[in-house]
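Asker: Take a look and give me a structure for this.
(chains A and B)
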Number of protein chains: 2
Amino acid sequence: MSDTKAVVFDLYGTLYDVHSVAQRCDASYPGRGMEISAMWRQKQLEYTWLRSLMGQYISFEQATYDALVYTCNALRLDLDKATCDVLCEAYLNLSPYPEVPAALRRLQDIGLPLAILSNGSVFSIDSVVKNSGLQACFLHLLSVERVGVFKPDPRVYAFACQALDLLPAQILFVSSNAWDASGARHFGFDVCWINRRDSTFDELGVAPSYVVRGLDELPEIILATSPARTAPD
Amino acid sequence: MSDTKAVVFDLYGTLYDVHSVAQRCDASYPGRGMEISAMWRQKQLEYTWLRSLMGQYISFEQATYDALVYTCNALRLDLDKATCDVLCEAYLNLSPYPEVPAALRRLQDIGLPLAILSNGSVFSIDSVVKNSGLQACFLHLLSVERVGVFKPDPRVYAFACQALDLLPAQILFVSSNAWDASGARHFGFDVCWINRRDSTFDELGVAPSYVVRGLDELPEIILATSPARTAPD
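Answerer: Predicted coordinates for the structure are as follows:
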């Protein structure tokens, strides 16, 4: 990792907990919150992959909306416009994982530029980051919107290199999503997989460079593997 | 549908029941057969989509193998080589859905050329079709292997047009997989979605041209919408 010149983070599920929408789902559909949130997230991902493959790109907000409509249809739940708006709005107000704010500040102290590379639109990324008060942590907020295709298409990872003016091997990419970590590793990034829930890494032909159980473990790894860097007092 | 010159079928889950492997799974892992089969199939699909997006094509057999390894890891089940071979072999011996053989013969009698367009390799498609004794029904068995990417990439549907020397609007594509039906519809095929389990169609921006509950309903639809065709005596 001694070549690392920047740390680039996935957003949904990595820095921010997508299942923080479960509470709002539960308020609208008592007792069904986690079930809705889980299917909604799974379909949201599938729709980004399938739309990319079909050459039918839509915004992340539209994929999120479509996935919610599917989920409510599949679970035989009525979805009126007001409820739909409230639930989609919840995706703009996600909570960071508890250890994230302090860990980001510690990474900033080490002196590495931090960026986000997300499937979200420019508007969604800005909203989530600002609503959680973490905008000062990041030098770049990079959206696939500029590329017109979703991760793990390699053009998305290439866009990060271009925006940061760095080579793939100079970027440490951090994701909790094994499919995203795999795509980034195939592209040539160093990759840290955050495995908070003792999950199984996907069998997609590559392994992550590092595995941690929370973002708070990352600063020590960077310091241990980058002799030139020293911990600030 | 009056322009239809050929009927092209998806294989896995459309003509053949992928969950016919559940019984073999159950023999190896008593009581866990359906759970394994369901996760295995979901991951198999995800791996074909993700590998395609990453530009890291592998054979369908390899995706099937990788998905089984993931599934057993995720479910904390030991998977030895012999069991792995037996279970992957089961994907070459799938059962057609009960109504399929008679419905295919009825479609042949109407005089339409029938073909398969599948994510499977040439070897897998040949094996499944021959092992079920249905090889005489099909004029073409088309594998994505020749294209080097999986459905729903539009190049796969274009390959069927090329192999059959037909325009998209001259092909009726039949699939039980809503994502496949959507990809084919975006490409420009007429599409019949077989919805055997009262499922919800995906929200991917298109609707199927026809919906049936089993393949046995298709011949009547073709006859009703193609005035030039007459039912054989």
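Asker: which residues of chain A fall in helices?
Answerer: Secondary structure of chain A by DSSP state H: the helices cover A:22-28, A:33-54, A:60-74, A:81-90, A:100-110, A:122-131, A:154-164, A:178-187, A:218-225.
Asker: show me where pLDDT drops low in chain A?
Answerer: A:1-2, A:227-233 (pLDDT under 70).
Asker: Could you list the domains of it?
Answerer: A:6-16+A:94-225, A:18-90 (automatic domain parsing).
Asker: Close to chain B: what parts of chain A are there?
Answerer: Within chain A, the positions adjacent to chain B are A:43, A:46-47, A:49-56, A:58, A:66-67, A:69-70, A:73-74, A:150, A:152-154, A:179, A:182-183, A:186, A:199-200, A:202-205 by CB under 8 Å from any CB of the partner chain. The C-beta positions use only the backbone N, C-alpha and C, and glycine is treated the same way.
Asker: Could you export the domains of chain A as TSV, including mean neighbour count?
Answerer: Output for the domains of chain A, formatted as TSV (neighbours: other CB atoms under 10 Å in any protein chain shown):
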stretch	mean neighbour count
domain A:6-16+A:94-225	20
domain A:18-90	18
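Asker: Pull up the gap between residue A:215 and chain B, please.
Answerer: Distance of residue A:215 to chain B, given as CB to the nearest CB, to the nearest Å: 23 Å.
Asker: got a list of what that residue touches?
Answerer: By CB atoms under 8 Å, 6 or more residues apart in numbering or on different chains, the contact list for residue A:215 reads A:15, A:97, A:99, A:100, A:103, A:104, A:174, A:194.
Asker: contacting residues around the second one?
Answerer: Think residue A:97. For residue A:97, counting by CB under 8 Å, 6+ apart, the contacting residues are A:15, A:16, A:17, A:196, A:214, A:215.
Asker: Now the first one: phi and psi?
Answerer: The reference is to residue A:15. Main-chain torsions, residue A:15, degrees, to the nearest 10: phi -90, psi -30.
Asker: Tell me if I'm right that it and residue A:96 touch.
Answerer: Yes - using CB atoms under 8 Å, residue A:15 is in contact with residue A:96, at 5.7 Å.
Asker: who touches both of these two?
Answerer: Common neighbours of residue A:15 and residue A:96 (CB under 8 Å, 6+ apart) are residue A:134.
Asker: how close does the closest residue to residue A:142 other than its chain neighbours get to chain B?
Answerer: Nearest residue to residue A:142 in three dimensions, chain neighbours excluded: residue A:117, at 4.6 Å (CB to CB, 6 or more residues apart in numbering or on different chains). Counting by CB to the nearest CB, the gap from residue A:117 to chain B is 15 Å.
Asker: One more: residue A:174?
Answerer: Applying CB to the nearest CB to residue A:174 and chain B gives a distance of 18 Å.
Asker: With residue A:28 instead?
Answerer: Going from residue A:28 to chain B by CB to the nearest CB gives 19 Å.
Asker: Tell me who's in contact with that residue.
Answerer: For residue A:28, the contacting residues are A:83, A:86, A:87, by CB under 8 Å, 6+ apart.
Asker: Need the phi and psi values for the residue nearest to residue A:193 when sequence neighbours are not counted.
Answerer: Excluding the flanking residues, the one nearest residue A:193 by CB to CB, 6+ apart is residue A:208, at 3.7 Å. Torsion angles at residue A:208 (phi, psi; degrees, to the nearest 10) stand at phi -70, psi 150.
Asker: so residue A:208 touches residue A:192, yeah?
Answerer: Yes - using CB under 8 Å, residue A:208 is in contact with residue A:192, at 6.5 Å.
Asker: okay, and the common contacts of those two?
Answerer: residue A:181.
Asker: List the residues that contact residue A:44.
Answerer: Residues in contact with residue A:44 (CB under 8 Å, 6+ apart) are A:63, A:64, A:67.
Asker: Could you check how far it is from chain B?
Answerer: Residue A:44 is 11 Å from chain B, where distance means CB to the nearest CB.
Asker: That residue: what's its closest spatial neighbour, skipping adjacent residues?
Answerer: In space, residue A:44 is closest to residue A:67, 4.0 Å off (CB to CB, 6+ apart).
Asker: Now for the one you found: which residues touch it?
Answerer: Contacts of residue A:67 by CB under 8 Å, 6+ apart are A:40, A:41, A:43, A:44, A:46, A:47, B:203.
Asker: TSV for those, including distance to residue B:35?
Answerer: Output for these, formatted as TSV (distance: CB to CB, whole Å):
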residue	distance to residue B:35
A:40	22
A:41	20
A:43	20
A:44	24
A:46	20
A:47	25
B:203	27
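Asker: Of the residues you listed, which is the nearest to residue B:134?
Answerer: Proximity of the contacts of residue A:67 to residue B:134 (CB to CB) peaks at residue A:46, which lies at 30.4 Å.
Asker: That closest one contacts residue B:179, correct?
Answerer: Yes - shown here, residue A:46 and residue B:179 form a contact pair, counting by CB under 8 Å, at 7.3 Å.
Asker: Next, the contact list for residue A:119, please.
Answerer: A:11, A:12, A:48, A:60, A:144, A:150, A:151.
Asker: Quickly name whichever of the contacts of residue A:44 is closest to chain B.
Answerer: residue A:67 (7.1 Å; CB to the nearest CB).
Asker: Would you format the contacts of residue A:28 as JSON lines with distance to residue B:111 included?
Answerer: What follows is the contacts of residue A:28, written out as JSON lines (distance: CB to CB, whole Å):
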{"residue": "A:83", "distance to residue B:111": "51"}
{"residue": "A:86", "distance to residue B:111": "55"}
{"residue": "A:87", "distance to residue B:111": "51"}
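Asker: and which of those residues is nearest residue A:109?
Answerer: Among those, residue A:87 lies closest to residue A:109 (CB to CB), at 37.2 Å.
Asker: how near is that closest one to chain B?
Answerer: 15 Å.
Asker: which residues sit in contact with that residue?
Answerer: A:21, A:24, A:25, A:28, A:68.
Asker: out of the contacts of residue A:67, who's nearest residue A:109?
Answerer: The closest of the contacts of residue A:67 to residue A:109 turns out to be residue A:41 (CB to CB; 32.7 Å).
Asker: Which residue, other than its chain neighbours, is closest to that closest one?
Answerer: Closest to residue A:41 by CB to CB, 6+ apart is residue A:18, at 5.3 Å.
Asker: picking that back up, among the contacts of residue A:67, which pair sits farthest apart?
Answerer: The largest distance within the contacts of residue A:67, taken as CB to CB, falls between A:41 and B:203 and amounts to 14.7 Å.
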